[in-house]
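Student: Predicted model and sequence follow; I will ask about them next.
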Amino acid sequence: MVNRLVLGVPRSAVLSAEDVLRETFGYEAFRAGQAEAIEANLAGRDAVVLLPTGGGKSLCYQVPALLRFRAGLGTTIVISPLIALMNDQVAALRGRGVAAAALHSHLDDAAQREVIADLRRGALALIYVSPERAALASFQALVGSLAIATIAIDEAHCVSQWGHDFRPEYMQLHALRRVVKAPVLAVTATATPQVMREIVKGLDLTDPLIVAGDFRRPNLAFSVVHASADATRQQIVMQALTTLGLREKLGAGRAIIYCSTRAKVETVAEVLKQNGFAVGYYHAGRTALARERAERGFAVRKTRVLVATNAFGMGVDYPDVRLVAHFQAPASLEAYYQEAGRAGRDGEPAACLMLFGPGDLVTHRRMQQHSGGSAGTAHRQQLALAAIEATPMARDVANMPFASILPRKRLGPHAAFAMSARAPLT
């Protein structure tokens, strides 16, 4: 239970964290790790929160943000890497009666001035900004003169050069700490011990509380299948989609199929389309309008299957994804966990299928050679691929034939595909 914290005002005037959780967000109890993170923040202590995808990371800063705001301690700054994610969270908060706003480049000048005016007069409980804006001297000068309750950093693994979503702008966020005297709460769903160390160092955190949740997802059935030929992989994917009821144009559930290259995305999407699936595709080589249409079609279930590169991912939160399939192995175990974790966020049974062959790692190494990155980045990428090669998946699956793929068990209305050997998540 989170202790009632007075925060400098009469105890009778202060709601508890449980009150806010129940009355504002509609939940009766905190999930594992949330209460510890909130207690640390309310006590003024830095914290790094590692909770699984769908584990309620945002509540770790939203609940104390409301408590601090109502106690007159100022606005919480939330640093988020995606405008779409900012807009989604702000819309959800406003729908619950919370004074929240986002300040980003998609707003026109008048809208930006209005947000800044609200921030100056202390009318916002939370303001969402990008890491690029947070690093600007003009923004730091603005917030340095205001009452700021907390600096919350979403997707904090982006600070790490060891992470699969490294964003250089995150490495500049420690400068904000020098002008804003407030606790930092950094949250992420994916971080190795090395990444956690870089988060603490890169954000200049002081004696942070480390909160790590339970990463077991009992509703997800993980399976790895060895298949080298594309035709075989296509048949396996179509079999899985059909078994999970995703061939029909209408119905419950969706699927995401990840591929390593843009060309492979388009090829797989075309094959699925020719076989009667309602499918869209998404990668960074498409125009912004095309990507928006692909994502929108998937969001409203015009297409129930989306084939994509890893450009589609951060901030994605669809509750009813029944299948996440990797047509090719991803470039790191961390990336795999993050992407596979987008399945079954509603708590219902879902399947995570990886198709694996030695050629997948060759593809990634070839892509790295042409990426133009630094020697340090290339070294880290090589280590990530070596970690995949060291797993039982890579060592033991290679000689298993396609015939060993069998429907292993029934999960409610869905069938999960599994092999006699299943890949560990660590």
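Tutor: Yep, it's here.
Student: I'd like the next helix or strand past the strand or helix carrying Val265.
Tutor: Element membership of Val265, judged by DSSP states H and E, is helix 262-274. Per DSSP H and E, the first helix or strand lying C-terminal to helix 262-274 is strand 279-282.
Student: Now that following strand: average pLDDT?
Tutor: Mean per-residue pLDDT for strand 279-282: 96.
Student: returning to what we had before: buried residues, the helix holding Val265. List them.
Tutor: Buried residues in helix 262-274, defined by neighbour count with 16 or more other Cβ atoms under 10 Å: Arg262, Lys264, Val265, Glu266, Thr267, Val268, Ala269, Val271, Leu272, Lys273. In this view, the C-beta of every residue, glycine as well, is placed from N, C-alpha and C.
Student: What distance do you get for the first one to Val237?
Tutor: It stands for Arg262. 18 Å (Cβ to Cβ, to the nearest Å).
Student: Okay, Ala37 and Phe30: tell me how far apart.
Tutor: Ala37 is 9 Å from Phe30, by Cβ to Cβ.
Student: Compare neighbour counts for these two and give me the winner.
Tutor: The neighbour count for Ala37 versus Phe30, taken as other Cβ atoms under 10 Å, is higher for Ala37 (30 against 20).
Student: Nearest residue to that one in space, ignoring adjacent ones along the chain?
Tutor: Nearest residue to Ala37 in three dimensions, chain neighbours excluded: Cys60, at 4.1 Å (Cβ to Cβ, 6 or more residues apart in numbering).
Student: Do you have the strands of the stretch 201-350 of the chain handy? List them.
Tutor: 209-212, 220-226, 254-258, 279-282, 305-308, 321-326, 350-356 (DSSP state E, counting those that start in this stretch).
Student: With respect to Ala149, which of the ones you listed lies nearest?
Tutor: strand 209-212 (17.3 Å; Cβ to Cβ).
Student: so where do the helices sit in the stretch 251-400 of the chain?
Tutor: 262-274, 288-299, 333-340, 358-369, 375-389, 392-396 (DSSP state H, counting those that start in this stretch).
Student: now swap in the stretch 51-200 of the chain and tell me
Tutor: Going by DSSP H, counting those that start in this stretch, the stretch 51-200 of the chain shows helices at 59-70, 83-95, 109-120, 131-134, 137-144, 174-179, 193-202.
Student: could these be laid out in JSON lines, adding distance to Ser223?
Tutor: Below are the helices of the stretch 51-200 of the chain laid out as JSON lines (distance: least, Cβ to Cβ, whole Å):
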{"stretch": "helix 59-70", "distance to Ser223": "32"}
{"stretch": "helix 83-95", "distance to Ser223": "30"}
{"stretch": "helix 109-120", "distance to Ser223": "47"}
{"stretch": "helix 131-134", "distance to Ser223": "36"}
{"stretch": "helix 137-144", "distance to Ser223": "46"}
{"stretch": "helix 174-179", "distance to Ser223": "42"}
{"stretch": "helix 193-202", "distance to Ser223": "27"}
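Student: Just give the number of residues close to the residue nearest to Ala284 when sequence neighbours are not counted.
Tutor: Distances taken as Cβ to Cβ, 6+ apart place Ala311 nearest to Ala284, at 4.2 Å, with adjacent residues excluded. Summarising burial for Ala311: neighbours were counted as other Cβ under 10 Å, giving 14.
Student: show me the contacts for Ala311.
Tutor: Tyr282, His283, Ala284, Arg291 (Cβ atoms under 8 Å, 6 or more residues apart in numbering).
Student: Among these, which one has the most neighbours?
Tutor: Neighbour-wise, the contacts of Ala311 (other Cβ under 10 Å) top out at Tyr282, 25 neighbours.
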